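> need coordinates for the following:
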Amino acid sequence: MTKDLNYAINCLVTTDIAVIGQRIKELRSQAGLTLEEVATKGNCTPGFLSQVERNKAAPSISMLYSIAEAIGVKVTDFLPDAINETKVVRRDSRNTFHFTGSTVVYSLLSTKFSYASLVAFHLTIKPAGQGLPTDEFRAHTGEEFGYILEGVLRLWIGEKFYDLYPGDSVHFQSGTAHRLENRTQAPALALWLNSPSFF
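Purely as a prediction, here's the structure:
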């Protein structure tokens, strides 16, 4: 493990979002929607959504975006105090959050404003076996760009997969179902951009 990877992991001041499932359930109930209705609109199964609400499964950011759209709220409504507006992000003071049970730690690198067209993250992805079950393939509006900093990541896009190594990059349309996985025994680091912004 390199010095940079050790530094990135050790410096994470992470907001561990353990109550996100409860927040989703509250907002769904307030909207008068059933599990089945939200799952259908959010393109997941009612069983998986139920697990998310009970913190027995870990959602991805893109899945939260789909659930938020299905309920009719903003994805930031699930993340109270986890994301704050900022313009300059210092290496040792990133706003970082992690969903309980997820293998991905998100450090938000971009700022928020009403006309933002992209969102950028520094990702720390732990080995797949260290997390709870997560949503499998996701498809959503927009495009994504990823650049691998450390480790090896497998990216599935439709029926194909690509093993990405340090220095590799990928750019693809998010409307094609996709999934990112760390199949190694060591954490990996990546820079990831989504457009349009989830926030």
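
> do you know how far the spatially closest residue to residue 134 that is not a sequence neighbour is from residue 195?
Leaving aside its sequence neighbours, residue 134 sits nearest to residue 58 (Cβ to Cβ, 6 or more residues apart in numbering; 4.7 Å). (Glycine included, C-beta is placed from N, CA and C.) Going from residue 58 to residue 195 by Cβ to Cβ, to the nearest Å gives 24 Å.

> pick out whichever of those two has more residues nearby.
residue 58 (22 against 16; other Cβ atoms under 10 Å).

> so what's residue 148 up against?
By Cβ atoms under 8 Å, 6 or more residues apart in numbering, the contact list for residue 148 reads 164-169, 188-190.

> now, of those, which are buried?
Buried by 16 or more other Cβ atoms under 10 Å: 164, 188-190, out of these.

> from residue 92, how far out is the residue nearest in space to the middle of the chain?
Geometric centre of the chain, nearest residue: residue 61, 3.1 Å, by Cα atoms, centre = their mean. Remark: distance between residue 61 and residue 92 (Cβ to Cβ) = 23 Å.

> again with residue 155
Following Cβ to Cβ, the distance that separates residue 155 from residue 92 is 29 Å.

> who has more neighbours, these two?
Counted by other Cβ under 10 Å, residue 155 and residue 92 do not tie: residue 155 has more neighbours, with 20 against 7.

> direction included, what does the helix or strand containing that one pair against?
Residue 155 belongs to strand 153-157 when assigned by DSSP states H and E. Here strand 153-157 is paired, per DSSP bridges, with strand 160-164 (antiparallel), strand 178-181 (antiparallel).

> for residue 33, which of these is the nearest?
Among those, strand 178-181 comes nearest to residue 33, with 26.3 Å by Cβ to Cβ.

> low pLDDT regions in this structure?
1-18, 80-86, 113-115, 135-136, 199 (pLDDT under 70).

> ranges for the strands of it?
14-17, 95-99, 104-108, 119-125, 143-150, 153-157, 160-164, 169-173, 178-181, 188-195 (DSSP state E).
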